[in-house]
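S.K.: sequence first, predicted coordinates after that:
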Amino acid sequence: MRYEPLKGKEKFDDIFKSPDYILKSKNFNALIVINENKFSLGMILPKKNIKLAVHRNFLKRTIRNLSNEIFENAKISMIVVSKKKIYTFVKRSLRLELENLFDDGKKKINEKNNYFNN
């Protein structure tokens with residue numbers, strides 16, 4: 001199942017005001033709200049933190065692909081935000097960091113709600 005992009009200031013503001021879960025890693029934060037709709041995803045990867053467009057695009061693709069794999073049938077809204085400047089851009093380590101972040105999110109959601117089957 002494909003994700004639905006989060007669009008509009010209101011949707012982003014709703015998640016920022018009252019997230020159900022906040023996940024943190026070295027370079028990224030993820031805010032998650034459980035909803036009754038499809039899986040929706042928003043990303044904030046500013047040029048200030050990630051200078052090269054190639055790197056921002058890589059992160060966007062990676063976030064989309066990993067979140068589709070991990071939160072395939074989830075009814076959640078999620079925003080991924082880059083926390084700070086990424087000085088050493090190593091694709092493998094950033095992908096692993098995002099994968100661990102999403103796995104932790106899935107575990108946290110499942111602990112409280114028994115939300116996922118596996």
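M.R.: Great, that's in hand. Numbering: from 1, shown residues only.

S.K.: neighbouring contacts of stretch 28-40?
M.R.: Stretch 28-40 is contacted from outside by 1, 3-6, 11, 14-16, 18-24, 67-68, 71-83, 97-98, 101-102, 105, 109, 113, 115, using C-beta atoms under 8 Å, 6 or more residues apart in numbering. Glycine gets a C-beta too; all of them are placed from N, C-alpha and C.

S.K.: what about that stretch, start to end distance?
M.R.: 18 Å (C-alpha to C-alpha, to the nearest Å).

S.K.: which parts of it are buried?
M.R.: 28-33, 39-40 (16 or more other C-beta atoms under 10 Å).

S.K.: any idea which of those is closest to residue 51?
M.R.: residue 28 (16.6 Å; C-beta to C-beta).

S.K.: what pLDDT does the closest one get?
M.R.: On the pLDDT scale, residue 28 is placed at 94.

S.K.: now do residue 19
M.R.: You'll see residue 19 listed with a pLDDT of 91.

S.K.: next: residue 36.
M.R.: For residue 36, the pLDDT comes out at 81.

S.K.: repeat that for the one 5 residues further on.
M.R.: pLDDT for residue 41: 91.

S.K.: then residue 115?
M.R.: 57.

S.K.: now stretch 38-48: buried residues?
M.R.: For stretch 38-48, burial by neighbour count (16+ other C-beta under 10 Å) applies to 39-43, 45.

S.K.: what's across from the residue nearest the centre of the chain in the sheet?
M.R.: For the chain, residue 80 is the residue whose C-alpha lies nearest the centre (C-alpha atoms, centre = their mean; 3.7 Å). For residue 80, the beta-bridge partners under DSSP bridges are residue 30, residue 43.
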